[in-house]
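J.: Dropping the sequence and predicted coords here.
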Amino acid sequence: MACVAINETTAVVEWQWEGATRNLATADPDHDAIRFTLRLDPESQYGAHFEISIPFRFKDKPAGAGVCLRINPFFIKSFAYSDVPTPPDAVKQIFDATTYLDFTLDNRITILIPTDVEEPVVAARARSGKVLDLIHELSCITSLRIYIQQSLLSPDELKSISEAVEQRQIKPSSDPDYDISRMFSGSGAKVTTIPPPKPPSYKKATKTQPPPNAPSNRKRPRQDSHPEFFSQFWDKLQKLEAKVDDLQTDNARLRADNAQLKDKVARLEKKYDGLEQGDAEEAVMIEIRDDISSLDHRVKCIEDARDDDFEGIKEGVFDELAKRLIGG
């Protein structure tokens, strides 16, 4: 089967967050589309690549950068697809007719940013800030839907992807073009975690006035309601969540490395078995050659003995005839 590939096609991403349907159809700037890249190459032992590119304005980097979301093929638990003649409203703004690709994962998506961007990521403006909050949600989920233009992939191509996922045949592509060192116009990429949105400040939270008929509360405020306490609490909570995200990212990396090592060991064992079998066959051939040489030697000995016996018999017959002729 030929390679299945679409490169940076326009896409819309949809997912569920706290019971609500969320989507990302445009980013920052909003005239730059969300892009999706897909590749499955059966000829390279089902090397696969799935990547979502999101335009984004970093505070410490000029325009032209972005954030990339990579789906590790090892972590794809299931893949489903279907044509959608009547897309949802958010998708309808991009496509008249679309096909959705559903991914269910065993682990979270990997977030990649340019290597020269400082962490934690800071948005350059409010619109990118909203996009950053959505990227944080995407980094926490294990199920998402990607809408692409209908007919970009044939039914046979979609079926081949589904079967490869179902049979657990796919693995990360070894194509050097997908190496993170070549991303972002050659400047390279690094894995990052996107912290959750900051909660509203204490002042903003207390701006809301109580209802007119609300009873007056003249009790002394509790010490733990002090704004510094909440500020410290949220700081610690965010650090803890960032640490958990880091550990999950490291765990995903280790799982991927472990899977690659297992694959490598399997290939080496297969290669070793082949070599071992080759050595055994060579030993058998040497033994057969030795047997043939021994048989040749025995045959030669038998032939030499036969010739000697024949000469002896022939001489004996001649002697006996000579004696009879002489004796009359």
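T.: That came in fine, so what should we check first?
J.: just the strands in the stretch 101-250 of the chain please.
T.: Taking DSSP state E, counting those that start in this stretch as the criterion, the stretch 101-250 of the chain carries its strands at 110-114, 143-149, 171-172, 189-192.
J.: how about the residue nearest to residue 59 when sequence neighbours are not counted, phi and psi?
T.: Sequence neighbours aside, residue 122 is the residue nearest to residue 59 in space, at 4.1 Å (criterion: C-beta to C-beta, 6 or more residues apart in numbering). Any C-beta I mention is one placed from the backbone N, CA and C, and that applies to glycine too. Dihedral angles of residue 122 (phi, psi; degrees, to the nearest 10) stand at phi -120, psi 130.
J.: Can you give me every residue that contacts residue 122?
T.: With C-beta atoms under 8 Å, 6 or more residues apart in numbering as the criterion, the residues that contact residue 122 are 58, 59, 60.
J.: out of those residues, which are buried?
T.: Under a neighbour-count criterion of 16 or more other C-beta atoms under 10 Å, the subset of the contacts of residue 122 counted as buried comprises residue 58.
J.: Among the contacts of residue 122, which one sits closest to residue 131?
T.: Minimum separation from residue 131 among the contacts of residue 122 (C-beta to C-beta) is found for residue 58, which lies at 11.2 Å.
J.: Buried deepest among the strands of the stretch 101-250 of the chain, which one?
T.: Mean neighbour count (mean count of other C-beta atoms under 10 Å) peaks for strand 110-114 among these, with a mean of 22.
J.: What strands flank that strand, and is each parallel or antiparallel?
T.: The pairing partners recorded for strand 110-114 under DSSP bridges are strand 66-71 (antiparallel), strand 189-192 (antiparallel).
J.: what mean pLDDT would you report for the shortest one?
T.: Read it as strand 189-192. For strand 189-192, the per-residue pLDDT values average out at 96.
J.: export that strand as PDB, just CAs?
T.: Provided in PDB are the C-alpha atoms of strand 189-192 (Å, rounded to 0.1, in the frame of the first residue of the first chain):
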ATOM      1  CA  ALA A 189      12.000  22.700  19.400                       C
ATOM      2  CA  LYS A 190      11.700  21.700  23.000                       C
ATOM      3  CA  VAL A 191       9.000  20.000  25.000                       C
ATOM      4  CA  THR A 192       7.100  22.200  27.400                       C
END
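J.: I would like the residues contacting it, please.
T.: Contacts of strand 189-192 from elsewhere in the structure, counted by C-beta under 8 Å, 6+ apart, are 68, 110-115, 119, 121, 180-181, 183, 249, 253.
J.: Which pair of the residues you listed spans the longest distance?
T.: Within those (distances taken as C-beta to C-beta), the two that end up farthest apart are 121 and 181, at 20.0 Å.
J.: So those two - more neighbours on which side?
T.: Under the neighbour definition other C-beta atoms under 10 Å, residue 121 and residue 181 were set side by side, and residue 121 has more, 22 against 10.
J.: so the more buried one sits right up against residue 136, yeah?
T.: No. With contact taken as C-beta atoms under 8 Å, residue 121 and residue 136 are classed as non-touching, separated by 9.7 Å.
J.: What are the boundaries of the helices in the stretch 51-200 of the chain?
T.: Listed in chain order, the helices found in the stretch 51-200 of the chain under DSSP state H, counting those that start in this stretch are 89-92, 126-140, 155-166.
J.: Buried residues of the shortest one, list them for me.
T.: If you call a residue buried by 16+ other C-beta under 10 Å, then helix 89-92 has these buried ones: 90, 91, 92.
J.: In terms of secondary structure, what does that helix contact?
T.: Packed against helix 89-92 by the contact rule (3 or more C-beta pairs under 8 Å, 6 or more residues apart in numbering; DSSP states H and E) you find strand 4-17.
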